[in-house]
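In: Take a look and give me a structure for this.
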Amino acid sequence: MPDLLRLLAVTLIPGVLWVLYFHRKDKYEREPGGLVAKAFLMGAVMIIPAGIVESLFRGVLRNPPSLGALLLAAVFGVGLVEEFFKYWAVRRVAYNHPAFNEPVDGIIYAVSAGLGFAAFENVLYASTMGLGVGLVRAVLTSLVHASFSGIVGFGMGIAKFAPRGMEGAVIGRSLMLAAVLHGVYDFLLMSQMMNFYLTVLVVVLLHSVLLSRIRFALKLSPFSNPGDVGVEITRENADDAAHELVLPRQMVADDRAQAARNTLGRTPQPGVLPPRVPVDLHRLTEDHERPDHDDAAQQPEEETEHAIETVLPTSNKRYLVSFISTHRNPIKGGF
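Out: You can find the predicted model right below:
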């Protein structure tokens, strides 16, 4: 009995602590604890069907005829299988739940499912290979599973609030990206191309990428602070977000939010949100230089103010005029 308690403590408690850590990252409207726990438990259950499917590739994984065969088995027999079942856990438990009401929620639930999957997997490893292995896996492997699941969760968060018809493409791309990264990571471990220190470095990098996903998703939240300028999900940037899941191009969105706060000079009245400015993520990847002969750049500011005055209420006019004046020529193609 004491051995069982030590086993569970070493493998499960770190997973629960990771869940609490990521749950606190949702700073605007945190998810119900019960629903997060369900995602964690459903992720743990998903290791059973995942293990059944992975058994079909066990021969190649244990005795690969070549490195190429090992890589393919790692990507499609491990990475894709595990990421799909973790995605399915979130789909069944949280995706259609009313609490899933902002893009970052996809990351929170997917990370929780990934940590549940990792926790149960760690129990199996620790029971056969010792508590030391279980402890290392509880710290490193759990974070790896969370990072890969977070990529899928980010795609789910974008897809749910994107225009109709975009859901399948965005989720599919995020799932394939996570599967490839997961498979390559496992391939490097199984082929012994990574030592312990390099593995730690990769885990830290993946964790940094996951945090960047969370920060970017929070910028899309409808519950963000009144002084923030949100980024509206459009058909164009939802499609581009599927391509930019690892490192989002959010610098201009950051600059816009800060400049808007500076030019506004005050915090908007409580409960009154400033206009949410659509940002084309594709254009954020282009050069920041704009040709001097660009006709749009030469448009008189008075014309801009007049155009805004005809379509915006007075309460929003001064805000957006100052905003556009500040960002008249920041990137190629303007807004």
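
In: where along the chain do the strands fall?
Out: Taking DSSP state E as the test, the strands found in the chain are 231-232, 277-278.

In: Could you tell me the least trusted of those strands?
Out: In terms of average pLDDT, strand 277-278 trails the rest of these, at a mean of 43.

In: Counting neighbours, which bits of the lengthiest helix in the chain end up buried?
Out: As assigned by DSSP state H, the longest helix anywhere in the chain is helix 131-161. Burial within helix 131-161, assessed by neighbour count using 16 or more other C-beta atoms under 10 Å, is assigned to 131, 133-138, 140-161. Every C-beta, even on glycine, is put in place using the N, C-alpha and C of the backbone.

In: For residue 219, give its distance to residue 90.
Out: 21 Å (C-beta to C-beta, to the nearest Å).

In: neighbour-wise, which of these two wins?
Out: Between residue 219 and residue 90, counted using other C-beta atoms under 10 Å, residue 90 has the larger neighbour count: 28 against 19.

In: So the more buried one is in contact with residue 106, correct?
Out: Yes. Assessed by C-beta atoms under 8 Å, residue 90 is found in contact with residue 106 at 7.3 Å.

In: Between these two, which contacts overlap?
Out: 153, 156 (C-beta atoms under 8 Å, 6 or more residues apart in numbering).

In: Not including adjacent chain positions, what is the nearest residue to residue 116?
Out: The shortest distance from residue 116 to any non-neighbouring residue, by C-beta to C-beta, 6 or more residues apart in numbering, is to residue 43 (3.2 Å).

In: can you pull the contacts of that neighbour?
Out: Contacts of residue 43 by C-beta under 8 Å, 6+ apart are 86, 89, 112, 113, 114, 115, 116, 117, 149.

In: The fourth one: neighbouring residues, count only.
Out: One way to gauge burial is a neighbour count; for residue 113, by other C-beta under 10 Å, it gives 36.

In: now the second one
Out: Here the neighbour count serves as a burial measure; for residue 89 (other C-beta under 10 Å) it reads 28.

In: Can you tell me what sits against stretch 180-189?
Out: 70-71, 74-76, 78-80, 82-83, 144, 148, 151, 193-194, 199, 202, 206.

In: That'll do, ta.
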